[in-house]
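Chemist: Fold the stuff below for me.
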Amino acid sequence: MPAAPPPLDEAARYSALMGYHLRQSVLGDAKADALVRKAVRQFRVPQSAIALVGRSTVYFVAEEGVGFHTVPRDISFCGYAIHSRATLIVPDATLDPRFADNPLVIGPPFVRFYAGAPLVDQDGYSLGTFCIVDTTPRSFAPEEAGELAGLSELAMRRIDFLATIAELVSYPDAGMLV
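Modeler: Here you go, the predicted structure:
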């Protein structure tokens, strides 16, 4: 299985991601958790996550049904999804040469369907994805891709908000601001 090559702007993208200082502070965020639960219900899938793509690891800062918080980037679907501003749709991973022999496809959690909308920051860098996963192949209508992109935008707004709060509380007199 070939891993996704890094985007051409990988150094700048990674720098932008690190500027957020969020991986630990977003974990357990009730609003981020609510967004992934909403996606599970809305799209009738067993798994959804807000994922940040690091250098070698993908971090699920919110997840529903996934059961783990990291996956190696070289086997992640998200590593491919950050290459475009469009939602990556994989109707049947067993038929896609990028993923057919992926450990996540041939073994637990037996991914068949994947859709990931990039989390794009204000400078245009794809920091990660808002993704949904199913264990059965399925189609995904353009309207559904648009809805997933909308959830991705909401998740990115939440990440921006949490980054702002984290920055404010790092100042000695931040208590007056919060």
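Chemist: Low-confidence bits of this protein, can you list those?
Modeler: Within the chain, the ranges that satisfy pLDDT under 70 run 1, 22-27, 169-178.
Chemist: As a check, name the ranges of all strands in the protein.
Modeler: 47-53, 57-64, 70-72, 88-90, 113-120, 126-134 (DSSP state E).
Chemist: With mean neighbour count and distance to P97 added, can I get these in TSV?
Modeler: Any C-beta I mention is one placed from the backbone N, CA and C, and that applies to glycine too. Listed next are those as TSV, based on neighbours: other Cβ atoms under 10 Å; distance: least, Cβ to Cβ, whole Å:
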stretch	mean neighbour count	distance to P97
strand 47-53	26	21
strand 57-64	23	21
strand 70-72	16	19
strand 88-90	21	11
strand 113-120	25	14
strand 126-134	27	19
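Chemist: can you redo those strands as CSV with distance to A12?
Modeler: Converted to CSV, the strands of the chain look like this (distance: least, Cβ to Cβ, whole Å):
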stretch, distance to A12
strand 47-53, 14
strand 57-64, 19
strand 70-72, 23
strand 88-90, 21
strand 113-120, 13
strand 126-134, 11
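Chemist: Figure out how far stretch 99-118 is from the centre of its chain.
Modeler: Relative to its chain's centre, stretch 99-118 lies at 14 Å (Cα atoms, centre = their mean, to the nearest Å).
Chemist: Now do the buried residues in that stretch.
Modeler: For stretch 99-118, the neighbour count (16 or more other Cβ atoms under 10 Å) marks 99, 102, 104-105, 111-118 as buried.
Chemist: for stretch 91-100, same thing?
Modeler: For stretch 91-100, by 16+ other Cβ under 10 Å, it's 92-93, 98-99.
Chemist: distance between the ends of that stretch?
Modeler: 12 Å (Cα to Cα, to the nearest Å).
Chemist: hmm, who's touching it?
Modeler: Contact with stretch 91-100 is made by 1-2, 4, 77, 80, 90, 102, 105, 111-114, 137-140, as judged by Cβ atoms under 8 Å, 6 or more residues apart in numbering.
Chemist: List just the nearest of those to S48.
Modeler: The closest of these to S48 turns out to be Y114 (Cβ to Cβ; 11.0 Å).
Chemist: and the gap between the closest one and Q47?
Modeler: 9 Å (Cβ to Cβ, to the nearest Å).
Chemist: overlap in contacts of these two?
Modeler: 132-133.
Chemist: follow-up on the earlier one: redo the buried residues of stretch 99-118 as CSV? Include distance to F161.
Modeler: Listed next are the buried residues of stretch 99-118 as CSV, based on distance: Cβ to Cβ, whole Å:
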residue, distance to F161
F99, 33
N102, 34
L104, 31
V105, 35
V111, 30
R112, 34
F113, 30
Y114, 27
A115, 25
G116, 22
A117, 19
P118, 18
